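Participant: Sequence first, then the predicted structure:
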Amino acid sequence: LVDTTSGQSLIEPLRSSFFTSARFSPDEREIWTSGRDGLVRRWRAIASAAAPLEIHLGEAMPGEFRLTEPRKLVLSLKDRLESRDLETGGPLDQPGLFPARFRDGLLSPNSGFAAVLTAQGTAELWDLRRPEAVVRHRLSDQPDSVKFIHLFKFSDDSAKLAQVDMDAKIARVWETNSGR
């Protein structure tokens, strides 16, 4: 982390295995990362921030994660959605199991939706607001029609999902509540 005015390093460089995602905490005092080693880590962005923390997820490599208020970490794993306490790393509730495994996924800003590329290669929008009854909306008619999940982007309010199909050279916008 570097001060953009002076060019001086603010903290020691973050060293770990291959990072898959990184986010600042809501108060910007911490940096959270996930890696292929099955760990989610909290790093200090300023000297007075909370001590570093590692959350061990075992075999489950984290996909996407969100930091929400009050001090909650929402993790999207390949088969479930978990909520963890940002102070201790401990679970906050029972994990919500996903209706299917997926290759790649993107959580909406409010963590209520996920755009996923399923293990079978189809693109879907999942409504996660009721974990016991996840609603699935198919976004592609053919397997592998969407090859890269980073071609999805949720609106800041999570109300819409934009999908870019590079092969067909088109963009679509979906309403997350209806999947249309």
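Facilitator: The structure has been received and is ready for your questions.

Participant: And the lowest-mean-pLDDT helix or strand in the chain, what does it pack against?
Facilitator: Within the chain, no helix or strand scores below strand 64-68, which has a mean of 74 by mean pLDDT, DSSP states H and E. Judged by 3 or more CB pairs under 8 Å, 6 or more residues apart in numbering; DSSP states H and E, strand 64-68 is in contact with strand 19-24, strand 30-35, strand 72-76, strand 102-107. No exception for glycine: its C-beta is placed from N, CA and C like everyone else's.

Participant: got the ones you listed as a markdown table, with distance to Glu124, mean neighbour count and mean pLDDT columns?
Facilitator: Output for those, formatted as a markdown table (distance: least, CB to CB, whole Å; neighbours: other CB atoms under 10 Å; pLDDT from 0 to 100):
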| stretch | distance to Glu124 | mean neighbour count | mean pLDDT |
| --- | --- | --- | --- |
| strand 19-24 | 20 | 14 | 81 |
| strand 30-35 | 22 | 20 | 84 |
| strand 72-76 | 14 | 21 | 80 |
| strand 102-107 | 8 | 20 | 78 |
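
Participant: Compare those and report which one is nearest to Leu86.
Facilitator: strand 72-76 (5.4 Å; CB to CB).

Participant: Just after the closest one, pick out the following helix or strand.
Facilitator: Where DSSP states H and E defines the elements, the next helix or strand beyond strand 72-76 is strand 80-85.
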